[in-house]
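Fold the following.
(one chain, ligands or ions: 1)
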Amino acid sequence: MKDLKNRDRQVVWHPFTQAKTEKNPLEIVRAKGVILTDTNGKNFLDVNSSWWVNVHGHGNEVIGNAIAEQFSELDHVIFAGVTHPKAVELAEKVIDILPKGFSKVFFSDDGSTSVEVALKMAFQFWFNKNQPRMKILAMEGAYHGDTFGAMSVGQRGYFFEPFEHLLFDVDYLPFPEKGTEMEFLKSAKDKLQSESYAALIVEPLVQGSAGMKMYKASVLEELMSLAREKDVLIIFDEVMTGWGRTGKLFAMEHVSLVPDIVCLSKGLTGGVLPLGLTVATERIFEAFLWDEKSKALLHGHSFTGNALSCSAAVASIGMMKSEHTLQNIKRIEEKFHQFGQILKSNPKVKEVRHLGAILAIEINVGSEGYFSDVRDKMYHFMISNGILMRPLGNVIFLNPPYCISDEELDYTFEMIQEMLKSVID
Ligand SMILES: Cc1ncc(COP(=O)(O)O)c(C=O)c1O
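From the prediction side, this is the model:
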């Protein structure tokens, strides 16, 4: 294990990483609860839940046992022309916990593929009805993943620049910043009047990768009503907001209307195994029922419906609904509220954003953006103090596993205060 860094440098290509300039990666060998341990025995608090996926803590025994038990029965089997008990059980459980209206679950591998499937469902819905609609309406600042369809509906910029010429044409709504809601809704109304969109896609209430930018539920609800008036399908990308993050099981529970399609991933399996789900209403599904095979959703992946991932998801959902988890989310929400209040008067803080178990702190600095220097300074300060936190440009944020203790939270808050003092001019 000694020369892991060097071996890594020889053979591994890391995501979102400039290998020429980046420092050596952390060498993590163990994880339990909120704690990650490196080769030297140093511990790090995983306050961003390992890319926002881990909801019950690492090494959760309930999930581990479920996977082991499933492995002894069935590991993986082709999912076209075949079914298996765990996939059906998971689909039943997901339909059961989502708001009323959803009826069919399509399986894929991760957040990006769940979005690809949603987009294909929406375009083919209209195609199958012989009323083709060619465009999607999305929101500025959005991130829906790194595959081509998902990139197309996301915010264009340096991340997607080399591929820009390959992305399909999308119309964007401005982000509904506080105080601009009326203009936003007017712009939405105008756009919806000018074009028959196949679908509207949004990250409901919180745009994660944009820096945990939040907008009002009332605006989302108005936007949904406007889309409904024009029979534009509504896709909620709940890849990040699902599984309790916004204080409710799904962000859609903050509004009274129900979308047509919802994308789920990240915390779905407790963050232990990859899995994506695209859940649709019966109306969507029915548009694919024809005698012609070509009208089916001709999409799938080798690991679609993987039984181990399904078993982890069933176990995770069981814990998600428990009083213990719901109380933990409430506890974190309250702690975040209190800390947010303290930070609001700090002149180094530009804005505090808080919803449920997400707390984002936008730092008052000249250079903003994902590649800003301050981002690296904040990241390394936190690492040197035993906290793994990946800022988004000048925004630091906390979305920890729900089992994080009050002491671990207090330590993290203390280090954030220290960081503001010593790193930010
Ligand atoms: C809202 C949203 N959608 C989609 C994705 C893509 O998910 P994945 O990284 O699992 O492909 C992400 C990832 O951060 C996300 O935040």
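
those strands in the stretch 101-250 of the chain, which residues are they?
102-108, 136-139, 170-173, 199-202, 206-207, 213-214, 233-237 (DSSP state E, counting those that start in this stretch).

among those, which is nearest the ligand?
Evaluated with CB to the nearest ligand atom, these place strand 233-237 nearest to the ligand, the distance being 4.7 Å. Backbone N, C-alpha and C define where each C-beta goes, glycine included.

helices and strands around that closest one, which ones?
If contacts are counted by 3 or more CB pairs under 8 Å, 6 or more residues apart in numbering; DSSP states H and E, strand 233-237 sits against helix 111-128, strand 199-202, helix 217-229, strand 261-264.

who are the neighbours in contact with the nearest residue to Met252 once chain neighbours are set aside?
Counting by CB to CB, 6 or more residues apart in numbering, Met252 lies nearest to Phe236, which is 5.6 Å off, once chain neighbours are set aside. By CB atoms under 8 Å, 6 or more residues apart in numbering, Phe236 lies in contact with Val202, Pro204, Ala251, Met252, Pro259, Ile261, Val262, Cys263.

What's the separation between the most centrally placed residue in the chain and the ligand?
The residue at the geometric middle of the chain, judged as the C-alpha nearest the mean C-alpha position with CA atoms, centre = their mean, is Met240 (2.0 Å). Distance from Met240 to the ligand, counting by CB to the nearest ligand atom, to the nearest Å: 4 Å.

Next up, phi/psi of that residue, please.
The phi and psi torsions at Met240 (degrees, to the nearest 10) take the values phi -100, psi -40.

when you give positions from now on, start the count at 382
In the new numbering, first residue 382, that becomes Met621.

that older thread, and the contacts of Phe617, which two are furthest apart?
Pairwise distances across the contacts of Phe617 (CB to CB) peak at 14.2 Å, for the pair Ala632 and Ile642.

Give me the neighbour count for the residue of the chain at minimum distance from the ligand.
As assessed by CB to the nearest ligand atom, the ligand sits closest to Gly492 within the chain, at 2.1 Å. Residue neighbour count, defined by other CB atoms under 10 Å, stands at 31 for Gly492.

Val643 now?
Val643 has 30 nearby residues by other CB under 10 Å.

So what pairs up with it in the strands?
Under DSSP bridges, the beta-bridge partners of Val643 are Phe617, Val660.

Contacts only, for it.
Contacts here follow CB under 8 Å, 6+ apart; on that basis Val643 touches Leu479, Phe483, Ile616, Phe617, Glu619, Phe631, Met633, Thr659, Val660.

could you redo the last one with a cut-off of 6 Å?
Phe617, Glu619, Val660 (CB atoms under 6 Å, 6 or more residues apart in numbering).

next one: Ala447
Ala447 makes contact with Ser692, Ala696 under the criterion CB under 6 Å, 6+ apart.

Please identify the buried residues of the longest helix along the chain?
In the chain, taking DSSP state H as the definition, the longest helix is helix 704-725. Applying a neighbour-count criterion of 16 or more other CB atoms under 10 Å, one finds Thr706, Leu707, Asn709, Ile710, Arg712, Ile713, Glu714, Lys716, Phe717, Phe720, Gly721, Leu724 buried in helix 704-725.

Repeat that for stretch 404-418.
Ile409, Ala412, Gly414, Val415, Ile416, Leu417, Thr418.

Could you list the low-confidence segments of the stretch 432-581 of the chain?
Low-confidence regions of the stretch 432-581 of the chain, defined here as pLDDT under 70, do not occur.

near the ligand, which residues of it show up?
Asp491, Gly492, Ser493, Val496, Tyr524, His525, Gly526 (CB under 6 Å from any ligand atom).

Do I have it right that the last one meets Gly492?
Yes: counting by CB atoms under 6 Å, Gly526 touches Gly492, with 5.3 Å between them.

possible to save the contacts of Phe617 as CSV with pLDDT and distance to Met595?
Converted to CSV, those look like this (pLDDT from 0 to 100; distance: CB to CB, whole Å):
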residue, pLDDT, distance to Met595
Val583, 98, 13
Pro585, 98, 10
Ala632, 98, 10
Met633, 98, 15
Pro640, 98, 18
Ile642, 99, 22
Val643, 99, 19
Cys644, 99, 19
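
Buried subset of these as a ChimeraX selection?
Buried residues among the contacts of Phe617 (16+ other CB under 10 Å), as a ChimeraX selection:
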select :583,585,632,633,640,642,643,644
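
The contacts of Phe617 into TSV, with extra columns for distance to Gly651?
Listed next are the contacts of Phe617 as TSV, based on distance: CB to CB, whole Å:
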residue	distance to Gly651
Val583	25
Pro585	22
Ala632	19
Met633	21
Pro640	24
Ile642	23
Val643	19
Cys644	18
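
now, which of the contacts of Phe617 sits nearest Ser431?
Checking those against Ser431 with CB to CB, the nearest one is Cys644 at 19.6 Å.

Is that closest one in contact with Leu500, as I believe?
No: in this structure, Cys644 sits apart from Leu500 without contact. The criterion is CB under 6 Å, and the distance is 9.6 Å.

give me every residue that touches the residue of the chain positioned farthest from its centre.
For the chain, the C-alpha farthest from the mean C-alpha position belongs to Asp672; by CA atoms, centre = their mean, that distance is 36.5 Å. Going by CB under 6 Å, 6+ apart, Asp672 touches no other residue.

in which helix or strand would I find it?
Mapping Asp672 onto the secondary structure by DSSP states H and E places it in no helix or strand at all.

Same check on Met759?
Secondary structure here is read from DSSP H and E; on that basis Met759 sits in helix 754-765.

Great, nothing more from me.
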